[in-house]
Each structure stands twice: as C-alpha cells, then as structure tokens.
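**Student:** sequence and computational prediction follow.
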Amino acid sequence: METRAGDPGAFARFDLGRVPSPCFVVDEAAVRRNLAILKDVGDRSGARVLLALKAFSMWSLAGVVAEYLDGTCASGLWEARLAREHYQGELTTYSPAYRREDLPEVLRLSDAVIFNAPDQIARFADLIAAARAEGQVFDIGLRLNPECSQGEVAKYDPCQLGSRLGFPVSQLRPEHLVGVDGLHVHALCEQDVEPLKRIWASLEPKLAGLTSGLKWLNLGGGHHVTRADYQRDELVDLLKGIADRHGLQVLIEPGEAVALDAGILVGEILDTFNNGMPVAITDISATCHMPDVIEAPYRPAMLGELEEGVAVRLGGPSCLAGDIIGDYILPVPAAPGVRVAFLDQAHYSMVKTNTFNGVPLPSIALWNSATDDLRLIRRFDYSEFRDRLS
C-alpha cells in the first residue's frame with residue numbers, strides 16, 4: 001500500500017529539536033486548511049460532515065473542529081463518551097456489535113445509533129423502547145454492505161467476501177427497514193470520488209422503493225477529500241444529486257481527510273551498525289507508534305529524504321524482528337542523536353499507539369505554522385505502561 005502523503009509543507013522549516021523525542025507534532029494551520037475544504041463541500045452540497053474519531057481523536061482541537069464540521073462519529077461507547085465530553089454537534093455511533101450492558105449509554109449519548117444487521121435492532125428492541133420511554137431522542141440506522149468491492153487492499157475492503165461489516169444489500173427486504181431512520185454505507189479507504197460513484201451506481205437501483213420512509217443516508221468515510229487531486233466539484237454534485245432525488249439528508253464521515261498532511265512523527269537515532277547494509281535503531285517503533293506500517297503495509301515518507309545515496313534501514317527499539325520502518329536515504333549521515341521525522345502521521349497513528357515491550361509512547365505537540373506557536377500537549381510516562389497491566 002503506497003502512502004499518499006503530500007509534500008512536507010510547513011514542516012520543511014520546523015526545527016525537530018524543539019520537541020522531545022519521540023513526538024507527534026500536529027500543525028493546527030494544516031488541520032484548519034483541511035477542515036475549511038470539508039466545510040466548503042458540506043456547504044455547497046448540503047451534506048452534513050462528521051469527523052470520524054477512529055482516525056483522528058486529538059480532542060485538544062475539538063473547538064477548532066466545531067468551527068467547521070457538524071459533529072463526530074464514534075465506533076463504540078468509549079469514543080462516544082469522548083465525543084460528548086469534548087466535541088460539539090451531532091454524534092453518530094456505529095459498531096459491528098454492541099454489548100447489551102453498553103447499549104443504554106450509547107443510546108443516551110448518541111443522536112443516531114447504527115446497527116450492523118436487522119437482527120441486532122430486533123434483539124435490542126426492548127432497550128431502544130426503554131430509552132425512548134425515558135424521553136431520549138435518537139435515530140436508528142442500518143449499515144449496508146453494498147456488495148460492490150472497490151477496495152485496493154482486501155483487508156481494508158468492507159465489501160470483501162465474508163465481510164463482517166454491514167448487512168448485504170442483496171438480502172435487504174422492506175420489513176428490515178421498519179423503525180429504521182437511515183442507512184449507512186461505508187466501502188472506501190483513502191479513495192477519490194470515482195469509486196464512490198461506482199458504488200452508488202450499483203447500490204441506487206437496489207434501493208428502489210425502499211427509501212421513502214428514511215430520513216438520511218450516511219456514506220461513511222474513506223473519502224480523501226482534502227488530497228490535492230481529489231475531484232471535489234464532482235463529489236458536491238454527487239451528494240447534492242442523491243439528496244435531491246431521494247429527499248434524504250446526506251452525510252459523510254471523513255477521518256483521515258481532516259488530518260491529512262497535518263502532522264509528523266519526530267524521532268531520534270539511538271544506535272547504528274552494519275549488517276550487510278547500514279542499520280539504525282530509532283526511538284520510533286513501527287510496531288508501537290505506526291502499526292499501519294506493518295499492518296497495511298506501507299512505507300511512510302520521510303521529511304527531507306534524499307533521492308540518491310546509501311540507504312539506511314531504520315527500525316524500532318522493540319524486540320520484534322519485524323519492527324522495521326523501512327530503508328531511507330537520510331538527509332544527514334546516520335549517527336546517534338540525529339533527529340528524523342516521518343510525514344503524514346496525525347491520523348491512524350496517535351489513535352493506534354501501544355506500549356508493547358515497554359516502549360514509551362510519543363509525546364504530542366501542537367504547532368501553528370502560521371504563528372510558529374508551539375505547545376507540548378501531552379508527555380507520557382511509565383504509568384501509562386504500568387496501568388494497562390495488572
């Protein structure tokens with residue numbers, strides 16, 4: 001999987017020595033740039049735009065997000081709690097399955113709760129009725145699997161054979177939509193508008209005669225709207241056309257697009273040696289700090305990497321043999337104490353960090369490239385590792 005990070009932007013002039021190592025550095029000005037693009041799409045199309053917390057949950061910027069977007073979407077109880085504690089606007093919650101003991105609070109927190117299959121809605125009908133009897137107001141949604149595979153990588157494709165995400169549209173019947181206020185369709189991953197068009201062209205005929213009782217259609221996330229080459233005018237036309245033809249409120253849930261090219265991960269070389277090629281150990285761990293490097297897999301772009309020279313294999317400090325970030329031609333010779341940084345690390349990195357092997361978590365800093373203001377938001381210590389254990 002190829003990273004789609006853009007150029008370094010303002011980070012090209014950021015002094016890596018200004019923050020502790022390792023450290024995520026997020027540029028507020030870049031986040032605002034992305035949010036402004038998303039707001040423009042929402043304004044022109046009439047669609048409501050929600051931040052997907054699963055990709056970017058830096059709640060220090062919740063007030064900034066509220067200036068541009070309509071709310072957030074959560075993937076379960078804890079994200080829903082975070083949304084209500086720190087963010088503003090509407091909250092939609094979807095999980096492939098809910099624990100019965102969690103659902104009452106999920107219903108209380110959320111403006112819309114989306115279920116994975118009609119059987120789930122029927123099984124929890126008593127909890128839904130009890131919540132409404134208490135005066136709680138929320139919509140019920142159903143996630144559909146459009147059965148139109150557009151994913152570039154199978155394990156990130158919600159439409160793959162045997163997918164656990166969404167009710168197959170080929171099985172959908174009118175009785176499944178009784179009591180359902182809206183449909184949720186999420187089948188993209190870091191993609192542009194053309195795959196979305198193909199999905200909708202496949203799905204729309206299958207929904208004929210089934211949308212009259214619905215209020216909204218949520219087209220999920222995976223929209224790389226803020227990428228420079230994204231066809232935003234076409235997206236606006238598509239969203240507006242769906243709303244006009246079906247009389248539905250359309251929503252999208254970008255996550256990565258909010259923080260695209262808005263953050264770096266700064267690290268430091270701890271040691272170097274040669275084992276058939278130059279090798280450097282850093283305090284950044286792919287396993288602990290950038291797990292998608294291994295899971296996707298992909299090669300993160302390096303700030304200032306040269307096009308020619310001798311490549312150095314960079315890896316983390318954990319005991320996992322596969323804790324390898326990649327091979328890079330560094331902008332300066334590799335040596336203990338040298339700082340490096342990887343681009344486009346604000347999304348799907350901070351939310352996935354872990355303390356395997358006792359590797360410390362990166363600090364989190366907020367920088368504003370427009371003003372050069374820098375604030376250390378969070379610095380983690382041993383207790384973060386200890387308190388996850390028993």
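**Tutor:** Perfect, I can see it now.
**Student:** how close does residue 81 sit to residue 346?
**Tutor:** Residue 81 sits 22 Å away from residue 346, going by CB to CB, to the nearest Å. In this view, the C-beta of every residue, glycine as well, is placed from N, C-alpha and C.
**Student:** oops, could you answer that again for residue 314 instead?
**Tutor:** 20 Å.
**Student:** residue 242 now?
**Tutor:** 30 Å.
**Student:** have a look at those two and say which one is more surrounded.
**Tutor:** residue 346 (29 against 20; other CB atoms under 10 Å).
**Student:** what's across from the nearest residue to the more buried one once chain neighbours are set aside in the sheet?
**Tutor:** Distance criterion CB to CB, 6 or more residues apart in numbering; nearest residue to residue 346, sequence neighbours excluded, is residue 263 at 2.7 Å. Taking DSSP bridges as the rule, residue 263 bridges to residue 26.
**Student:** show me what contacts residue 263?
**Tutor:** Residue 263 makes contacts with 24-27, 30, 344-347, 349-350, as judged by CB atoms under 8 Å, 6 or more residues apart in numbering.
**Student:** which one (most neighbours) among those?
**Tutor:** Within the contacts of residue 263, neighbour counts (other CB under 10 Å) peak at residue 346, which reaches 29 neighbours.
**Student:** any idea how far that one lies from residue 96?
**Tutor:** Distance of residue 346 to residue 96, given as CB to CB: 26 Å.
**Student:** please report phi then psi for the closest residue to residue 163 other than its chain neighbours.
**Tutor:** Residue nearest to residue 163 in three dimensions, not counting chain neighbours: residue 145, with 5.9 Å by CB to CB, 6+ apart. Phi and psi for residue 145, reported as degrees, to the nearest 10, are phi -90, psi 110.
**Student:** looking at it, residue 145 is touching residue 161, isn't it?
**Tutor:** No - look at residue 145 against residue 161 with CB atoms under 8 Å: they stay out of range, at 10.7 Å.
**Student:** now do the buried residues in the worst-scoring helix or strand of the chain on mean pLDDT.
**Tutor:** For the chain, using mean pLDDT, DSSP states H and E, the weakest element among its helices and strands is helix 292-295, scoring a mean of 93. For helix 292-295, burial by neighbour count (16 or more other CB atoms under 10 Å) applies to 292-293.
**Student:** now stretch 189-196
**Tutor:** For stretch 189-196, burial by neighbour count (16+ other CB under 10 Å) applies to 189-193, 195-196.
**Student:** do the same with stretch 61-77
**Tutor:** Buried, per 16+ other CB under 10 Å, within stretch 61-77: 61-62, 65-66, 68-74, 76-77.
**Student:** which of these lies closest to residue 336?
**Tutor:** Proximity of these to residue 336 was ranked by CB to CB; the top entry is residue 61 with 34.1 Å.
**Student:** specify the local secondary structure of that closest one.
**Tutor:** helix (DSSP: H, G, I helix; E, B strand; the rest coil).
**Student:** for it, which residues are in contact?
**Tutor:** With CB under 8 Å, 6+ apart, residue 61 has these contacts: 26, 28, 31, 366.
**Student:** just to revisit the earlier point, need the next SSE after the least confident helix or strand of the chain, C-terminal direction.
**Tutor:** strand 312-315 (DSSP states H and E).
**Student:** quote the end-to-end distance of stretch 306-318.
**Tutor:** End-to-end distance of stretch 306-318 (CA to CA, to the nearest Å): 27 Å.
**Student:** which parts of that stretch are buried?
**Tutor:** 312-318.
**Student:** for those, give me CSV that also has distance to residue 127.
**Tutor:** What follows is the buried residues of stretch 306-318, written out as CSV (distance: CB to CB, whole Å):
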residue, distance to residue 127
312, 56
313, 53
314, 50
315, 48
316, 44
317, 46
318, 42
